[in-house]
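Chemist: Build me a model from this:
(one chain, ligands or ions: 2)
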Amino acid sequence: MKKYVLIVAGGKGLRMGGEQPKQFLPLKGRPVLMHTLEQFYRSDVAMEIILVLPYEQQNYWKQLCEEHHFTIKHRVADGGESRFHSVKNGLSLIETPSIVGVHDGVRPFVSVDVINRCYELAVTKKAVVPVVDVVDTVRHITNNGSETVDRSAYKLVQTPQVFNADLLLKGYEQPYSSAFTDDASVVEAMGVKVTLTPGNRENIKLTTPFDLKVAEALL
Ligand SMILES: Nc1ccn([C@@H]2O[C@H](COP(=O)(O)OP(=O)(O)OP(=O)(O)O)[C@@H](O)[C@H]2O)c(=O)n1
Ligand SMILES: C[C@](O)(CO)[C@H](O)COP(=O)(O)O
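Modeler: Ligands and ions are numbered 1, 2, ... in the order given. Model (predicted):
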């Protein structure tokens with residue numbers, strides 16, 4: 001079955017701050033995004049890569065690819081107002097039947113093993129999400145204060161989230177809701193059951209300057 005990945009990098013990176021959008025920050029001398037695309041190429045050289053980037057950053061990205069002799073084939077789609085809209089723009093470039101993954105451009109440490117497993121499982125399970133255990137104690141904020149909850153009842157969600165493409169396309173026909181914080185929540189809103197599989201702990205989302213320090217340590 002044909003495989004696609006939408007690598008979404010259409011955000012503003014407000015929590016990271018700084019002049020340079022976080023997807024272009026250097027890790028081992030090369031932009032974050034190049035590391036991310038490479039992991040999917042390593043998983044399957046035939047996978048079609050669609051990179052979603054704000055329109056105004058696309059020329060800069062082209063320039064970076066030339067500078068770094070980056071030759072992994074990919075197409076570029078325009079970023080949208082929210083992650084939901086960015087994914088929707090990327091989906092407009094895919095054909096079915098196929099399997100499609102959605103991955104945050106700023107998760108360069110996803111392992112090839114996790115990518116492979118998510119795509120393999122999606123063939124039969126249709127909606128697959130990598131997760132890791134919660135390692136801290138978790139408190140629920142209540143009206144009167146807070147209380148400890150059973151952390152084994154929760155998981156932390158990563159990407160790539162991988163789907164039967166017809167299913168994901170149908171999900172993204174729904175009107176936007178701010179409750180759609182990932183792709184699983186979009187298909188779940190249609191009553192679809194999502195299958196969880198272990199992610200990798202290093203697969204952090206580069207969100208704040210602190211995450212860059214962790215990234216340097218992981219390299
Ligand atoms: N309109 C948007 C918003 C987010 N994303 C992407 O979704 C991923 C996860 O989002 P997040 O880390 O929250 O990125 P930002 O939205 O850029 O960050 P912030 O909320 O701090 O501005 C990122 O790769 C981001 O580029 C996107 O493609 N389009
Ligand atoms: C998709 C995601 O990375 C899963 O953990 C996350 O929900 C993105 O959230 P954000 O609000 O865009 O940071």
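Chemist: so how far is the host helix or strand of residue 34 off the chain centroid?
Modeler: Under the criterion of DSSP states H and E, residue 34 resides in helix 32-43. Its chain's average C-alpha position is 12 Å from that of helix 32-43, according to CA atoms, centre = their mean, to the nearest Å.
Chemist: Taking helix 32-43 as reference, get the angle to the helix or strand following that helix.
Modeler: Remark: after helix 32-43, the chain's next helix or strand is strand 48-53, criterion DSSP H and E. Here the directions of strand 48-53 and helix 32-43 differ by 170 degrees (axes from the mean of the first three to the mean of the last three CA atoms, to 10 degrees).
Chemist: by contact count, what packs against strand 48-53?
Modeler: Using 3 or more CB pairs under 8 Å, 6 or more residues apart in numbering; DSSP states H and E, the elements in contact with strand 48-53 are strand 3-8, helix 32-43, strand 75-78, helix 83-91. Every C-beta, even on glycine, is put in place using the N, C-alpha and C of the backbone.
Chemist: Remind me which helix or strand the residue in the chain positioned nearest to ligand 1 belongs to.
Modeler: Nearest residue of the chain to ligand 1, counting by CB to the nearest ligand atom: residue 11, 2.0 Å away. For residue 11, there is no helix or strand it lies in under DSSP H and E.
Chemist: Not counting its neighbours along the chain, what's nearest it?
Modeler: The shortest distance from residue 11 to any residue other than its chain neighbours is 6.8 Å, reached at residue 83 (CB to CB, 6 or more residues apart in numbering).
Chemist: Quick check: which of the helices and strands packed on strand 48-53 is buried the most?
Modeler: Each of the helices and strands packed on strand 48-53 was scored by mean neighbour count; the highest is strand 3-8, a mean of 26, by mean count of other CB atoms under 10 Å.
Chemist: Ligand 2 contacts on the chain?
Modeler: Counting by CB under 6 Å from any ligand atom, the chain comes close to ligand 2 at 83, 104, 157, 158, 159, 181, 182, 205.
Chemist: Let me see the contact set for whatever residue of the chain ends up closest to ligand 2.
Modeler: Per CB to the nearest ligand atom, the residue of the chain with the smallest distance to ligand 2 is residue 182, at 3.6 Å. Taking CB atoms under 8 Å, 6 or more residues apart in numbering, we find residue 182 in contact with 83, 129, 157, 159, 161.
Chemist: Please report phi then psi for it.
Modeler: phi -150, psi -170 (degrees, to the nearest 10).
Chemist: OK, contacts around residue 212?
Modeler: 16, 25, 206.
Chemist: Which one of the residues you listed sits in the busiest neighbourhood?
Modeler: residue 206 (25 neighbours; other CB atoms under 10 Å).
Chemist: ok, back up a step: out of the contacts of residue 182, list just those in strands.
Modeler: 129, 157, 161 (DSSP state E).
Chemist: The last one: neighbouring residues, count only.
Modeler: For residue 161, the count of nearby residues is 26 (other CB under 10 Å).
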